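J.: this one's structure only:
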């Protein structure tokens with residue numbers, strides 16, 4: 001059929017084309033909007049009602065620190081620093097003394113033992129004189145505690161064995177003027193429990209073994 005010179009398509013051609021275009025348009029619409037117009041949310045069911053659940057951001061609370069707590073924290077930090085500084089020296093001293101004791105067991109005369117001690121003393125002075133003289137009095141006190149921990153003997157007993165009773169009493173007198181004692185014990189479960197706690201921390205951090 002013709003209308004004003006224009007040829008019209010019959011209905012059996014037009015209707016399938018319209019349906020095809022509608023289907024394509026619907027598919028395009030679904031691709032553009034069907035996926036992205038749905039937002040996933042976490043939900044909970046409370047008393048039979050489903051409601052959205054959200055995780056609130058962290059809230060940081062800051063409290064006033066009293067002078068007593070600040071003083072305790074400063075004291076702890078001072079002790080912790082002293083242990084970190086001196087513990088390697090204490091381990092080294094313990095290893096040296098244990099080695100010396102093992103070697104001197106087989107020496108038959110006191111002359112042999114004295115000559116051996118003098119030789120080891122020269123080596124130890126070369127190794128430890130500079131670093132140990134840079135320690136503070138407080139760090140020196142902690143070091144003596146740790147040497148006792150590593151050897152099982154206080155510094156007075158060690159000096160008495162290796163240098164004699166007179167030298168040990170002299171150093172004990174010097175230590176007295178610095179408000180300390182070469183005879184101070186080490187109590188890991190009592191007054192020295194904080195030192196022991198820090199030592200365990202150092203061992204874990206650097207792989208030391210007790």
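T.: Perfect, I can see it now. Keep in mind the model is a prediction, meaning the values are calculated, not measured.
J.: Please, which helix or strand holds residue 86?
T.: Take DSSP states H and E as the rule and residue 86 turns out to sit in helix 67-104.
J.: Am I right that residue 45 is in a strand?
T.: Yes: counting by DSSP: H, G, I helix; E, B strand; the rest coil, residue 45 falls inside a strand.
J.: in the sheet, who's paired with it?
T.: Counting by DSSP bridges, residue 45 forms beta bridges with residue 50.
J.: how close does it sit to residue 54?
T.: 15 Å (CB to CB, to the nearest Å). In short, each C-beta sits where N, CA and C put it, glycine included.
J.: need the strands for the chain, in chain order.
T.: Using DSSP state E, the strands of the chain run over residues 2-3, 6-7, 43-46, 49-52.
J.: What mean pLDDT does the first one get?
T.: Along strand 2-3, the predicted local confidence has a mean pLDDT of 46.
J.: again with the third one
T.: What strand 43-46 shows for mean pLDDT is 85.
J.: Check the offset of it from the chain's centre.
T.: 41 Å (CA atoms, centre = their mean, to the nearest Å).
J.: Just name whatever secondary elements it is in contact with.
T.: Packing contacts for strand 43-46, counted by 3 or more CB pairs under 8 Å, 6 or more residues apart in numbering; DSSP states H and E, involve strand 49-52.
J.: contacts for the strand it packs on?
T.: For strand 49-52, the external contacting residues (CB atoms under 8 Å, 6 or more residues apart in numbering) are 41, 42, 43, 44, 45.
J.: Ok, stretch 131-150 next?
T.: Contacts of stretch 131-150 (CB under 8 Å, 6+ apart): 78-79, 82-83, 85-87, 89-91, 93-94, 154-155, 158, 178-180, 182, 184-186, 188, 192, 195-196, 199.
J.: Determine how far the last residue of stretch 100-116 lies from the first.
T.: 9 Å (CA to CA, to the nearest Å).
J.: typo on my end, it should be stretch 181-194
T.: For stretch 181-194, the end-to-end distance is 19 Å (CA to CA).
J.: Please identify the buried residues of it?
T.: When neighbours are counted by 16 or more other CB atoms under 10 Å, the buried residues of stretch 181-194 are found to be 182, 184, 186, 192.
J.: just checking, the third one touches residue 193?
T.: No: in terms of CB atoms under 8 Å, residue 186 does not count as a neighbour of residue 193; the distance is 10.7 Å.
J.: Low-confidence stretches in the chain?
T.: 1-38, 167, 170-171, 174, 176-178, 210 (pLDDT under 70).
J.: how much space between residue 194 and residue 114?
T.: Relative to residue 114, and taking CB to CB, residue 194 is found at 39 Å.
J.: What of residue 172?
T.: Distance from residue 172 to residue 114, by CB to CB: 22 Å.
J.: which one of the two has more residues nearby?
T.: residue 172 (17 against 12; other CB atoms under 10 Å).
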